[in-house]
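Chemist: Model the following, please.
(one chain, ligands or ions: 1)
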Amino acid sequence: MTVMSPIAASLYDRVRRVIPAIEWPAFSDDIDAILALKRERNAVILAHNYQTPEIFHCVADIVGDSLALARKAMAVDADIIVLAGVHFMAETAKLLNPGKTVLIPDMRAGCSLADSVTAEDVRLMRLRYPGVPVVTYVNTSAAVKAESDICCTSGNALAVVESLCAPRVIMLPDEYLAKNIAAQTKVEIIAWKGHCEVHERFTPADIHELREAHPGVTVLAHPECPPEVVAVADFAGSTAAMSDYVGRHKPTRVVLMTECSMSDNVAVDHPEVDFVRPCNLCPHMKRITLANIRAALEENRHVVTIDPHVADRARQAVERMLAV
Ligand code: SF4
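Modeler: All right, here's what the predicted structure looks like:
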C-alpha cells in the first residue's frame, strides 16, 4: 500500500472533487518529487488553464491563460521556468525573460494554430496588403511573431486591434478569433485560415443539445470557436474571462465550450456550481504530465532556445501587446 506524504494528502483535499481517490496514488510520488526538485533547482512551474488538475492545482506556481502567463513570466526571479503548456508558450516565456532557463517537458507539445502559418506566409501577406499592420495571435512561433507588428491573445485581441488606429488590419492565424473580433469593431479584419483543432469541433447543434439536456444551463464559449457557436452562447471570452464569469455570476449550472481540463480546474474553486462537461481534449496540452515535468527538472530538458535575431523582433511584438 502506498504511503502518502502529509503534503500530498493536503493537496488531495483540494482536488478530490475532480480526481478520483483511486487515481491519486499514481500522482502523489511525482508530486512530492517535483516539489522537492523545484526547491533544489530554484525553479517555478507555469501552467496553462488547460493542464490537468494534478499539475494545475498541485505543482504549478503560476497559472492562467496565455496573457497571464506571458505577463507573469517577465517577473519570474527563479533560475528555471518549466512551462506546463505548449511550445509557443515556452518560447514566449523565453522571449520575455531571456536570462532564465526555460524548459518544456515534451518538445512535441505543439498547436494546430501555431502550425498553420509560417514567417514566409506573413511576408507574403505584407506584399499582398502593403502598409496594413499585422496582428499575430500569441499562438504562433517566435519566427512568425518576429514578422508581426504586434501580438494579441484572446483576452486582449479587441483592444490590440483598436489600439492600432488603422482602418484595416491583418489578423492571423485564427480565422474564427478574427471573425469574432470583426463582429465587435469597425476595423476591417483580414483573416487567415488557421483553426484550433479543439474549438473548431464545437457546433451550434452541440449547444442546442446541451440546453435541451440541461435546462437553464449557462453556456460560455471561447472566441476560438466558430462565430455561429459564439452567437448562440451566453458569453464569449478567453479562459481567464470564463473563469471570472463563473466567479462573479455563480451560475447554478454551466458549460464551458473549451478544452476539458478547464472545467475541472475552475470546478475546484467553485463547488457550488454544477459543471456540465462535454469533452474536447487538446492532444498537445495533454503531452505534459507529472512524469515528464519531473524528468524535465531532473535532467534539465528540453531547453527552449530562440535565434537571437528572431528573438529581438519577436520580443518587440509581444512587448507592444503588453503595453496596450
Ligand atoms: S487548445 Fe487549440 S489553440 Fe490551444 S494549444 Fe491546443 S490546439 Fe492550440
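Chemist: Just want to check the distance between Ala231 and the ligand.
Modeler: 20 Å (C-beta to the nearest ligand atom, to the nearest Å). All C-beta atoms are positioned from the backbone trio N, CA, C, and that covers glycine.
Chemist: same question, Leu35
Modeler: 26 Å.
Chemist: Check Lys145 too.
Modeler: 15 Å.
Chemist: what's the burial count for that residue?
Modeler: 30 (other C-beta atoms under 10 Å).
Chemist: before we move on, what about Ala178?
Modeler: 25.
Chemist: Let's verify Cys282: helix, strand, or coil?
Modeler: coil (DSSP: H, G, I helix; E, B strand; the rest coil).
Chemist: Now do the contacts for it.
Modeler: Counting by C-beta atoms under 8 Å, 6 or more residues apart in numbering, Cys282 makes contact with Tyr50, Glu197, Val198, Glu259.
Chemist: Quick check: pLDDT value at it.
Modeler: pLDDT, Cys282: 97.
Chemist: Which parts of the stretch 151-300 of the chain are helices?
Modeler: Secondary structure of the stretch 151-300 of the chain (DSSP state H, counting those that start in this stretch): helices located at 157-163, 175-182, 204-213, 227-232, 239-249, 260-269, 290-299.
Chemist: buried ones in the third one?
Modeler: Judged by neighbour count (16 or more other C-beta atoms under 10 Å), helix 204-213 contains these buried residues: Pro204, Asp206, Ile207, Arg211.
Chemist: and what of the second one?
Modeler: The neighbour-count check on helix 175-182 (16+ other C-beta under 10 Å) flags Glu175, Tyr176, Leu177, Ala178, Lys179, Asn180, Ile181, Ala182 as buried.
Chemist: What of the longest one?
Modeler: Buried residues in helix 239-249, counted by 16+ other C-beta under 10 Å: Thr239, Ala240, Ala241, Met242, Ser243, Tyr245, Val246.
Chemist: Same check on the shortest one?
Modeler: Buried residues in helix 227-232, counting neighbours by 16+ other C-beta under 10 Å, are found at Pro227, Val229, Val230, Val232.
Chemist: which strands and helices sit next to that helix?
Modeler: helix 175-182, helix 204-213, strand 218-221 (3 or more C-beta pairs under 8 Å, 6 or more residues apart in numbering; DSSP states H and E).
Chemist: got JSON lines for those, with mean pLDDT and distance to Ala267 too?
Modeler: As requested, the helices and strands packed on helix 227-232 are exported to JSON lines (pLDDT from 0 to 100; distance: least, C-beta to C-beta, whole Å):
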{"stretch": "helix 175-182", "mean pLDDT": "98", "distance to Ala267": "26"}
{"stretch": "helix 204-213", "mean pLDDT": "97", "distance to Ala267": "17"}
{"stretch": "strand 218-221", "mean pLDDT": "98", "distance to Ala267": "13"}
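Chemist: Tell me which of those sits nearest to the ligand.
Modeler: helix 175-182 (9.6 Å; C-beta to the nearest ligand atom).
Chemist: tell me, which of the contacts of Cys282 make contact with the ligand?
Modeler: Glu197, Val198, Glu259 (C-beta under 6 Å from any ligand atom).
Chemist: can you pull the contacts of the residue nearest to the last one when sequence neighbours are not counted?
Modeler: Counting by C-beta to C-beta, 6 or more residues apart in numbering, Tyr50 is the residue found nearest to Glu259 once chain neighbours are left out, at 4.2 Å. Tyr50 sits next to Gly85, Thr239, Thr258, Glu259, Ser261, Met262, Cys282, Met285 when contact means C-beta under 8 Å, 6+ apart.
Chemist: Same check on Val138?
Modeler: Taking C-beta under 8 Å, 6+ apart, we find Val138 in contact with Ser66, Leu67, Ala70, Phe88, Met89, Thr92, Lys145, Cys151, Cys152, Thr153, Val318, Met321.
Chemist: residues in contact with stretch 245-255?
Modeler: Looking at stretch 245-255 with C-beta under 8 Å, 6+ apart, the contacting residues turn out to be 210, 214, 216-220, 235, 237, 263, 266, 269-270, 272-278.
Chemist: interface residues of the stretch 1-150 of the chain facing the ligand?
Modeler: Val86, Cys111, Ser112, Leu113, Asn139.
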